[in-house]
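need the 3D shape of this:
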Amino acid sequence: MYPLTRFYAKTLYRQKLIYIFFACFFTASFFYAFLISTPQMEEMLNINIGIVGRKNFPEFMMRFYVGTVGILFNVFLLTLFVCEEDRNKMLYQPLLHGENRNRMIRSKIYVAVSMSMIFVLLVAIINYITAFMRWGCEIFEQTAFIRTMIKYLSSGIYMSVIMLGIVTLCICSRNAWKTIFGVVIYLLADQFIYGSNIAFLQKIWVGYYLNLWTFAYEYQKIPFSELLIGISVMILYGIAFFQISLYRTQKIDF
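Reported below is the predicted structural model:
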């Protein structure tokens with residue numbers, strides 16, 4: 001499976017959209033780090049630079065990628081990666097050299113999951129570079145740095161599960177626009193459930209814990225029990241998405 005996985009990884013990382021997106025993200029982070037430091041912008045945005053800047057800036061910027069922007073970017077990328085091959089009938093027929101649909105979709109899933117972790121890592125690097133250029137070594141204050149790295153790691157796990165969900169949606173809908181629409185519905189439902197008072201629904205919802213860590217525990221340490229429960233729920237969703245993807249792939253007929 002390694003040659004096929006490597007082939008799909010090379011195919012994905014040749015997409016110019018990836019490099020354009022991260023160039024834009026770096027530019028936005030750079031200017032934002034400097035703009036929010038001015039008195040005029042502090043007043044206009046009604047923020048406290050002592051809270052959202054300096055050592056807290058990398059955590060503050062994380063929510064922009066993980067919450068909405070990153071998911072929408074990845075859904076566009078994955079619909080090209082999965083739905084395009086479905087449109088070209090690659091999911092209908094056995095591949096060359098003895099490959100089959102099951103092995104193909106496994107390779108795509110491995111690439112999608114690794115991609116999400118790598119992208120979150122790149123976002124962390126970009127945010128720390130721009131923060132360092134503005135505030136220097138202050139951003140590496142030990143307590144804040146460890147806390148933020150834990151949140152980026154947990155965000156990477158969440159994004160990996162979301163990527164599995166998007167791949168599953170691509171295979172089930174077999175339509176790029178339906179997949180994108182489904183993800184938009186998910187994002188709306190995610191915000192509704194987090195803001196609701198339905199405790200049971202919140203506890204079993206995959207996005208609830210990421211919202212909890214990002215907002216309720218912003219600039220604070222995540223309690224270990226919350227971290228353990230949240231990651232466990234995410235892993236269960238990931239396993240379910242993985243199995244559904246393989247099952248639906250085998251059910252595709254000619």
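
show me where the stretch 101-250 of the chain has its helices.
101-135, 142-173, 176-195, 199-203, 208-211, 224-251 (DSSP state H, counting those that start in this stretch).

quick one: residues contacting the closest residue to D190 other than its chain neighbours.
Residue nearest to D190 in three dimensions, not counting chain neighbours: G207, with 4.1 Å by Cβ to Cβ, 6 or more residues apart in numbering. (Each C-beta comes from the backbone N, C-alpha and C, glycine too.) By Cβ atoms under 8 Å, 6 or more residues apart in numbering, the contact set of G207 is 158, 186, 190, 193-194.

distance of the residue nearest in space to the middle of the chain relative to V113?
Note on the chain: the residue nearest the mean C-alpha position is M159, at 3.2 Å, using Cα atoms, centre = their mean. M159 sits 9 Å away from V113, going by Cβ to Cβ, to the nearest Å.

what does I49 give?
On the measure of Cβ to Cβ, I49 and V113 end up 36 Å apart.

who has more neighbours, the two?
Between I49 and V113, counting by other Cβ atoms under 10 Å, V113 is the more crowded of the two (20 against 16).

the strands in the stretch 1-150 of the chain, which residues?
Remark: no strands are assigned in the stretch 1-150 of the chain by DSSP state E, counting those that start in this stretch.

low pLDDT regions in it?
Applying pLDDT under 70 to the stretch 1-150 of the chain flags the ranges 1-2, 81-101.

switch the cut-off to 50
By pLDDT under 50, the weakly predicted segments of the stretch 1-150 of the chain are 92, 96.

tell me how many other residues crowd the closest residue in space to K55 that isn't next to it in sequence.
Leaving aside its sequence neighbours, K55 sits nearest to A144 (Cβ to Cβ, 6+ apart; 4.1 Å). Using other Cβ under 10 Å, the number of residues around A144 comes to 18.

quickly note the distance from A144 to F57.
10 Å.

likewise S116?
23 Å.

go on, R248?
R248 is 42 Å from F57, by Cβ to Cβ.

same thing with Y247?
On the measure of Cβ to Cβ, Y247 and F57 end up 43 Å apart.

between these two, which has more neighbouring residues?
Using other Cβ under 10 Å as the criterion, Y247 and F57 rank with F57 on top: 27 against 13.

so what's the more buried one up against?
33, 127, 130-131, 134-135, 139.

coming back round to it: Throw the helices of the stretch 101-250 of the chain into a markdown table and include distance to Y19, thanks.
Formatted as a markdown table, these follow (distance: least, Cβ to Cβ, whole Å):
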| stretch | distance to Y19 |
| --- | --- |
| helix 101-135 | 11 |
| helix 142-173 | 19 |
| helix 176-195 | 21 |
| helix 199-203 | 37 |
| helix 208-211 | 26 |
| helix 224-251 | 28 |
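
nearest to A9, out of the ones you listed?
Across the helices of the stretch 101-250 of the chain, A9 has its closest neighbour in helix 101-135 (5.0 Å, Cβ to Cβ).

what lies in contact with stretch 139-148?
Residues from elsewhere that reach stretch 139-148, judged by Cβ under 8 Å, 6+ apart: 54-59, 62, 124, 128, 131-132, 219-222.

count of neighbours near P3?
For P3, the neighbour count with other Cβ under 10 Å is 10.

distance-wise, check it relative to F34.
For P3, the distance to F34 - Cβ to Cβ - is 46 Å.

report the residue spans of the stretch 151-254 of the chain with pLDDT below the cut-off.
Ranges of the stretch 151-254 of the chain meeting pLDDT under 50: 254.

70 instead, please
Using pLDDT under 70, the stretch 151-254 of the chain drops low at 252-254.

ok, L17 - contacts?
76-77.

my bad, G70
So G70 contacts 119-120, 123, 159 (Cβ under 8 Å, 6+ apart).

tell me how far the nearest residue to N74 once chain neighbours are set aside lies from Q220.
Excluding the flanking residues, the one nearest N74 by Cβ to Cβ, 6+ apart is M163, at 6.1 Å. For M163, the distance to Q220 equals 27 Å [Cβ to Cβ].
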